[in-house]
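Chemist: give me a model of this one.
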Amino acid sequence: MHSRSRAAITGLSCLLTFLLLAGSIYARQESPQQSSATSVTQSEEQGYRLKVQSQIVQLDVVVRNRKGDLVHGLHADDFTVTEDGSPQKIVSFDETSPTSANERDRSNIDSTADLDRRAPDAPVTIIVLDEVTAKFEDQYFARYSLDKYLSQQGEVLDQPTTLIARTIDRTMVLTDYTTSKKKIQDALNRHFVGNDWRVDNPNFNDAQLSASFASLLEVAKATEGHPGHKNLIWIGRGFPTVQWEDVQSEQVDKLKKAVSDCIELLRQARITLYVIDPEGVQAPSGTIDENGMTVLLDPFDQSVSFDSLAQTTGGASMHGRNDVDHLIGYAVSNGESFYTLSYRPSTPATVDPTKFRTIRVTLRDNALTATNREGYYPAAEQTPLAPFANPKGKLTDNTVFDLASASTGLMVFDGIPLTLSRQRTLTNELEISFPASAIGLEPSDGKLKADITLIALSFDRNGKVLAKDGRIISLHLADLPGDQPESRTVHVTTPLNSALPIARVRIVIRSNSNGKTGADNFFVIDRSTLKDRATGVKPH
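Modeler: The predicted model follows:
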């Protein structure tokens, strides 16, 4: 038991060592270089702007009555917030309600780019089919339940939704954000159910822990550019529970830091996690309320589990029930109707920053129940950006994880929103455009400077890597006069080898200044005809 726990924590602290693609790309990149293929244009719109609110805690709060119905029309003075038992002053308050049918019809979403352009603040739903720990028969029931839930919805979904399948080895985006019910159902029907023999093998608990944890981190990094609330509905059990008593003493601090960092990333990305176990038999430890939700008394007292992570983010773990379609609907509705409030903690973050701060929200009407994020770690919030490389030029673990997770699969990362274009069919260059405001420009010698890392990967129809390139590009932009907002667009190019049978190109941009990541795909052929396993679906 000790050896398996030690292996699990080692796999976690190394941040998925099986995703070392970026390391191989950058083996020959030792120093920054100036790109000659960089240009800057002025945008008509202000574009992406990074919002930083120091010492502000933001909460998305779901309120239900005793019948379980969502409650609307409350005001700030209906709420009381305490942190570690101390009352907090609410400094902002807002309510989010489901969009009307007419609004949904006018704003159909069919991609991450659509979402960022047409509904930048909209709440979204992220559904993950867990093939990491869910057995073959449970995966079928999960798909059946999801299809049953979808069949009860209108043709245009209330929220933009993305469907993901996660295995031990990879994340597969079955559909990008869409409001089309049919598109999600088609992708679901074309996805092969996984049947990995490692799922039920305790000798692979370390791989399951790393895969599930990495998936949470990957989703958080990928969606951090979208400021709207995100409901992450994980249909499966997630990673195996790790008991503290089974963890080697030298690994305890590493695991605690990994947990606190994960919670902070999910908080920054405004993600609430719901865990729905399709097995419908065994319930986890904890108190079960009348709705079948698990109430954990202390999230990380004796163990680290997927259920405790969900509880901490303000979500829930739902076990022991066969109406999984109903549970999916419950989780989705919590992401459609909620209150957003914020406060400045009365206790400075420097006071015991490693201690978990517990948040409690109560209502003046004691017949109403509030559900919200359970707390946070001040230390994680204050952690400075990890360096890009160590003094010897070797990429740090954080950099490797950022680049490797963004380089694999099809998930769009919008921390830096990318636009990919090929100006002419016959050209051998791909143009990459992104807002200058997203990369953390800093004053330097009268100009604004930022270093970015560019990865370009070319794949054939079957997902084989045909070409790969990695560069560090130093961007130098003219300073802006006065208080003029940053609205420029940066353009860089990367070559395409037209002699190769390229089917898609994966582009990753990471700012070495602020750690934000952008990633997107340029499809040379029809995406639906790909035989690439990264798609997770059978080709048309």
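Chemist: so which elements touch the helix or strand harbouring residue 327?
Modeler: Using DSSP states H and E, residue 327 maps to helix 324-334. Where contact means 3 or more C-beta pairs under 8 Å, 6 or more residues apart in numbering; DSSP states H and E, helix 324-334 is packed against helix 136-151, strand 230-235, strand 271-276, strand 316-318. (Glycine included, C-beta is placed from N, CA and C.)
Chemist: mean confidence score for that helix?
Modeler: Taken as a whole, helix 324-334 has an average pLDDT of 94.
Chemist: and that helix, what's buried?
Modeler: 324, 325, 326, 327, 328, 330, 331, 332, 333, 334 (16 or more other C-beta atoms under 10 Å).
Chemist: now stretch 525-536
Modeler: 527, 530, 532, 534, 535, 536.
Chemist: before we move on, what about stretch 238-249?
Modeler: Buried residues in stretch 238-249, counted by 16+ other C-beta under 10 Å: 238, 239, 240, 241, 242, 247.
Chemist: possible to save those as TSV with distance to residue 262, pLDDT and secondary structure?
Modeler: Shown next, in TSV, are the buried residues of stretch 238-249 (distance: C-beta to C-beta, whole Å; pLDDT from 0 to 100; DSSP: H, G, I helix; E, B strand; the rest coil):
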residue	distance to residue 262	pLDDT	secondary structure
238	12	87	coil
239	11	84	coil
240	16	82	coil
241	15	83	coil
242	13	82	strand
247	16	77	coil
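Chemist: between all of those residues, which two are separated the most?
Modeler: 238 and 247 (17.8 Å; C-beta to C-beta).
Chemist: Three-state assignment for residue 245, please.
Modeler: When classified by DSSP: H, G, I helix; E, B strand; the rest coil, residue 245 comes out as helix.
Chemist: check the gap between it and residue 252 for me.
Modeler: Residue 245 is 10 Å from residue 252, where distance means C-beta to C-beta, to the nearest Å.
Chemist: kindly report the same for residue 185.
Modeler: Using C-beta to C-beta, we find residue 185 at a distance of 45 Å from residue 252.
Chemist: who's more crowded, these two?
Modeler: residue 185 (17 against 12; other C-beta atoms under 10 Å).
Chemist: make sure the more buried one is indeed in a helix.
Modeler: Yes: per three-state DSSP, residue 185 lies within a helix segment.
Chemist: which residues in the stretch 51-200 of the chain form strands?
Modeler: With DSSP state E, counting those that start in this stretch, the ranges of strands along the stretch 51-200 of the chain come out as 57-64, 79-83, 86-88, 90-96, 124-130, 156-166, 171-180.
Chemist: list the helices and strands the shortest one packs on?
Modeler: What that stands for is strand 86-88. Going by 3+ C-beta pairs under 8 Å, 6+ apart, strand 86-88 lies up against strand 79-83.
Chemist: report the buried residues of the strand it packs on.
Modeler: Those would be 79, 81, 83, for strand 79-83 by 16+ other C-beta under 10 Å.
Chemist: need the contact list for residue 496.
Modeler: 422, 427, 428, 429, 430, 458, 502, 505 (C-beta atoms under 8 Å, 6 or more residues apart in numbering).
Chemist: can you flag the buried ones in these?
Modeler: 430, 458, 502, 505.
Chemist: just checking, residue 110 touches residue 178?
Modeler: Yes: judged on C-beta atoms under 8 Å, residue 110 makes contact with residue 178 at a distance of 5.3 Å.
Chemist: compare these two (neighbour count), which wins?
Modeler: Legend: neighbour count by other C-beta under 10 Å for residue 110 and residue 178, higher for residue 178 (23 against 16).
Chemist: dump the residue contacts of residue 449.
Modeler: 441, 442, 443, 474, 475, 476, 477.
Chemist: in which helix or strand does it reside?
Modeler: strand 447-459.
Chemist: returning to what we had before: which of the buried residues of stretch 238-249 lies closest to residue 495?
Modeler: Nearest to residue 495 among those, with distances taken as C-beta to C-beta, is residue 239, at 40.5 Å.
Chemist: could you look up the SS state of the residue nearest to the closest one when sequence neighbours are not counted?
Modeler: In space, and not counting its chain neighbours, residue 239 is closest to residue 212: 3.7 Å by C-beta to C-beta, 6 or more residues apart in numbering. Of the three states, residue 212 takes helix under three-state DSSP.
Chemist: and residue 212, what does it touch?
Modeler: If a contact means C-beta under 8 Å, 6+ apart, then residue 212 has 130, 132, 133, 166, 238, 239, 306 as its contacts.
Chemist: show me the contacts for the first one.
Modeler: Shown in contact with residue 130 (C-beta under 8 Å, 6+ apart): 139, 142, 166, 212, 234, 235, 236, 237, 238.
Chemist: at 7 Å what do you get?
Modeler: 166, 234, 235, 236, 237, 238 (C-beta atoms under 7 Å, 6 or more residues apart in numbering).
Chemist: hmm, back to that, most widely separated two among the contacts of residue 212?
Modeler: 166 and 306 (12.2 Å).
Chemist: still on that earlier bit, so which of the contacts of residue 130 is the closest to residue 313?
Modeler: Using C-beta to C-beta, those come closest to residue 313 at residue 234, 11.0 Å.
Chemist: where's that closest one relative to residue 212, distance?
Modeler: With C-beta to C-beta as the criterion, residue 234 and residue 212 are 8 Å apart.
Chemist: likewise for residue 519?
Modeler: In terms of C-beta to C-beta, residue 519 sits 21 Å off from residue 212.
Chemist: residue ranges with poor pLDDT in this protein?
Modeler: The chain contains residues with pLDDT under 70 at 1-54, 100-107, 280-302, 349, 379-386, 424-427.
Chemist: run the last query once more with 50
Modeler: Within the chain, the segments meeting pLDDT under 50 span 1-36, 43-54, 281-298.
Chemist: list the contacts for the residue nearest to residue 494 when sequence neighbours are not counted?
Modeler: Of all residues not flanking residue 494 in the chain, residue 456 sits nearest, at 4.4 Å (C-beta to C-beta, 6+ apart). The contact partners of residue 456, by C-beta under 7 Å, 6+ apart, come to 469, 494, 505, 507.
Chemist: residue 165 touches residue 187, doesn't it?
Modeler: No: with contact defined as C-beta atoms under 7 Å, residue 165 and residue 187 do not form a contacting pair (9.5 Å).
Chemist: just confirm residue 530 contacts residue 503, I think it does.
Modeler: Yes: contact criterion C-beta under 7 Å: residue 530 and residue 503 qualify, at 6.1 Å.
Chemist: mutual contacts of the two, please.
Modeler: Joint contacts of residue 530 and residue 503 (C-beta under 7 Å, 6+ apart) are residue 461.
Chemist: not counting sequence-adjacent ones, nearest residue to residue 498?
Modeler: Per C-beta to C-beta, 6+ apart, closest to residue 498 is residue 428, 5.2 Å.
Chemist: next: residue 518.
Modeler: Per C-beta to C-beta, 6+ apart, closest to residue 518 is residue 416, 3.0 Å.
Chemist: what's the neighbour count on the one you found?
Modeler: Other residues lying near residue 416 total 27 when counted by other C-beta under 10 Å.
Chemist: tell me if it really is in a strand.
Modeler: No: going by three-state DSSP, the assignment for residue 416 is coil, not a strand.
Chemist: is it true that it touches residue 515?
Modeler: No: using C-beta under 7 Å, residue 416 makes no contact with residue 515, being 10.4 Å away.
Chemist: closest to residue 115 out of the buried residues of stretch 525-536?
Modeler: residue 527 (17.7 Å).
Chemist: which other helices and strands contact whichever strand or helix holds residue 472?
Modeler: Element membership for residue 472 (DSSP H and E) is strand 465-478. For strand 465-478, the packing partners by 3 or more C-beta pairs under 7 Å, 6 or more residues apart in numbering; DSSP states H and E come out as strand 38-42, strand 447-459, strand 488-495.
Chemist: distance from it to the middle of the chain?
Modeler: 24 Å (C-alpha atoms, centre = their mean, to the nearest Å).
Chemist: what's the answer for stretch 176-183, then?
Modeler: The answer for stretch 176-183 is 18 Å, by C-alpha atoms, centre = their mean.
Chemist: identify the residues contacting that stretch?
Modeler: 104, 108-112, 115, 124, 150, 153, 155-157, 160-162, 175, 184, 412.
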